[in-house]
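> Return atomic coordinates for the entry below.
(one chain, ligands or ions: 1)
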Amino acid sequence: MATDFIYLDYAASTPVDPRVVECMRECSEFGFANPSSNHVAGRLSRANIERAAEQLAALLNVDPANLIWTSGATESDNLGIAGAARFRSHRGKHLVTLLTEHKAVTDVFRMLEKQGFEVTWLKPAEDGRLDPATFAAALREDTQLASIMYVNNETGVMQDIEAIGSICREHDVLLHVDAAQAVGKIAIDLQALPVDLLSLTAHKFYGPKGIGALYIADRPGCHVEPILFGGGQQRRIRPGTLPADLIAGLGLAAEIAQSRIDADLGHLNNLRRRLWAGIQDIDGVLVNGDIESGFPGILNVSALDVEGESLLLELEPFCVATGSACNSKSQEPSYVLRALGRSDLLAQSAIRFSMGRPTTEDEVELAARRYREAIGRLRDLAPAAAS
Ligand SMILES: *Cc1c(COP(=O)(O)O)cnc(C)c1O
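Reported below is the predicted structural model:
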């Protein structure tokens, strides 16, 4: 297996910060006991979890008591959406979401549709953004829950969560936000932001895989029914023995992220500017999403007359994503890009570059040169495909 690669796929997952690895190692060695156990070792393990809850709570400006540990954003999305929709079904059966949400959100809504809920699927504008007025117009008397993501994982498009959340509050609609691509990367203050439920996962911000959290606001009517059943942990909202080591890792990753959010954002802005400067004058290259308003860690581009899978091979050893990483086996053009109005062919040619803390200027400049050469080669190989 080749170990030489240049990694530009930070939106899919990030390497674990070495300080987080060390923290988890210590916790696995000394804090391995079941945190539910009432002995010294159990208390030690519990203390690690409590510290992590405080670290994550500080990052989001919430009370640690309002955080539920889960196995990641997939589970948090499932619990937040299905759990709240079921808890509030007396309020109404109508739900609202966006066509460009992550599968961990869209597939929960499809399941709820089969169970008798009615879902309005909103289409964003061509730049990927949802106009808050469009959102407001979709709400009805019986709308009880909406789910709108913060930063899109394929395009980096950011939604106006503040405006959407305010509209939800006016209409007594709960708002769930999939913030897997936002937490630890952009400042989120949940005292100021009108959000009721928020999903996150540690491995998108230099923490371990398999651990995440769901924030549940302490407001009347904001509650979730469990989707898992078992022990009495976490007030039965999400039972199961807590992985104290993973949680400690998430906590430290959150603390590190909080201390560097501005520096990280400045770094990513610089990298994306350089990357885009290196490819923007290539014939027939288009940005998917919007550079000005998007999260700077992601640049998603399509190119006329090239095919994404061939491009991916040409770009090796760069690790980038084509279409959606989660769907790349399906060869289907990305449903996210289709929803922005891209043709099948353009959607299929999409490459997502996503940068992170360790990314260097040299890496993105080399990536831009390799991308330009790869497009040239593929167009020379298959000129017949040119329109
Ligand atoms: C990564 C991601 C998820 C899923 O997170 P897991 O940790 O794999 O469960 C959900 N939503 C978005 C937007 C993501 O980027």
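
> Doesn't residue 95 belong to a helix?
No: secondary structure of residue 95, determined by DSSP: H, G, I helix; E, B strand; the rest coil: strand, with no helix assignment.

> burial of it, as a residue count?
Burial measure for residue 95: 27 neighbouring residues, criterion other CB atoms under 10 Å. Bear in mind the C-beta positions are built from the backbone N, C-alpha and C, glycine included.

> Quick one: residues contacting residue 51.
Residues touching residue 51, when contacts are defined by CB atoms under 8 Å, 6 or more residues apart in numbering, comprise 248, 251.

> how far away is it from residue 252?
9 Å (CB to CB, to the nearest Å).

> again, but for residue 162
Per CB to CB, residue 162 is found 29 Å from residue 252.

> does the ligand sit close to the helix or strand harbouring residue 265?
Under the criterion of DSSP states H and E, residue 265 resides in helix 244-279. No: in this structure, helix 244-279 remains apart from the ligand according to CB under 6 Å from any ligand atom; the gap is never smaller than 11.0 Å.

> Numbering from 10 from now on, please.
That works, and once the first residue is 10, the last one we named lands at helix 253-288.

> Buried ones in that helix, by neighbour count?
253-266, 273-274, 276-277, 280-281, 283-285, 287-288 (16 or more other CB atoms under 10 Å).

> Centre of the chain to that helix, how far?
Per CA atoms, centre = their mean, to the nearest Å, the displacement of helix 253-288 from the mean C-alpha position of its chain is 14 Å.

> And for stretch 379-396?
From the chain centre to the centre of stretch 379-396 is a distance of 32 Å (CA atoms, centre = their mean).

> repeat for stretch 275-294
Centroid separation for stretch 275-294 versus its chain: 22 Å, with CA atoms, centre = their mean.

> Residues contacting that stretch, please?
If you take CB under 8 Å, 6+ apart as the criterion, stretch 275-294 is touched by 296, 300, 304-308, 310-314, 362, 364-366, 368, 370, 373-374, 376-378, 380-381, 384.

> For ChimeraX, write the selection for the buried entries among those residues.
Typed into ChimeraX, the line below selects the buried ones among the contacts of stretch 275-294, using 16+ other CB under 10 Å:
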select :296,304,305,306,307,308,310,311,312,313,314,362,364,365,366,368,373,376,377,380,384
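
> Please list which of the contacts of stretch 275-294 are also close to the ligand.
Checking those against the ligand (CB under 6 Å from any ligand atom), there are no matches.

> Please flag which of the contacts of stretch 275-294 sit within helices.
Assignment to helices by DSSP state H places the following of these there: 370, 373-374, 376-378, 380-381, 384.

> where exactly do the helices run in the stretch 60-209 of the chain?
Counting by DSSP state H, counting those that start in this stretch, the stretch 60-209 of the chain has helices at residues 82-96, 112-123, 141-147, 170-179.

> What lies in contact with the second one?
To tie it back to what came earlier, the one meant is helix 112-123. Judged by CB under 8 Å, 6+ apart, the contacts made with helix 112-123 from elsewhere in the structure are 82-83, 86-87, 90-91, 94, 104, 106, 108, 126, 128, 130, 156, 158, 187, 335-336.
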